[in-house]
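J.: pasting the structure only:
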């Protein structure tokens, strides 16, 4: 499991089906120490986590397409969206050169 992630179990019942187990994850940003909370399907998270580092591994956006880009980034790199944006700001119009 990613070292900056903690989790707790919660049941998501479906009508007429056995309950599905979902995890509430809290991922801590390695820079600002802020926490990002998200709900994920435990099977989706496990499938992605099992494939991490493999050349043909499952991409996080395919494993958990319901997460936002910021939620995925903090799971991948341990960097929250706000800190990521500070490290890699969008260039201003004056910085963009068209040749």
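T.: Good, I have the coordinates. All figures in this text were calculated on a predicted structure; none of them were measured in a lab.
J.: does the nearest residue to residue 37 once chain neighbours are set aside sit in a helix, a strand or a coil?
T.: Computed as C-beta to C-beta, 6 or more residues apart in numbering, the closest residue to residue 37 that is not its neighbour in sequence is residue 26, at 5.3 Å. For every residue, glycine as well, the C-beta is placed using N, CA and C. Classification of residue 26 by DSSP: H, G, I helix; E, B strand; the rest coil places it in strand.
J.: tell me the centre residue of the protein?
T.: residue 72 (2.4 Å; C-alpha atoms, centre = their mean).
J.: is it true that that residue touches residue 63?
T.: No - the pair residue 72 and residue 63 does not pass the contact test of C-beta atoms under 8 Å, sitting 9.4 Å apart.
J.: can you confirm the residue nearest to the centre of the chain is in a strand?
T.: No - read with three-state DSSP, residue 72 is helix and lies in no strand.
J.: In contact with the closest residue to it other than its chain neighbours, which residues are there?
T.: Closest residue to residue 72 apart from its sequence neighbours, by C-beta to C-beta, 6+ apart: residue 60 at 4.9 Å. Contacts for residue 60 (C-beta atoms under 8 Å, 6 or more residues apart in numbering) come out as 48, 67, 72, 75-76.
J.: Lowest pLDDT pick from those residues?
T.: For the contacts of residue 60, the model is least confident at residue 48; its pLDDT is 89.
J.: Next one: residue 41 from residue 65, what distance?
T.: 11 Å (C-beta to C-beta, to the nearest Å).
J.: Using neighbour counts, pick out the buried residues of stretch 72-81.
T.: Under the neighbour-count criterion of 16 or more other C-beta atoms under 10 Å, stretch 72-81 has 72-75, 78-81 buried.
J.: With stretch 31-50 instead?
T.: 36, 38, 40-41, 44-45, 48-49.
J.: quick one: that stretch to chain centroid distance?
T.: Between the centre of stretch 31-50 and the centre of its chain there are 5 Å (C-alpha atoms, centre = their mean, to the nearest Å).
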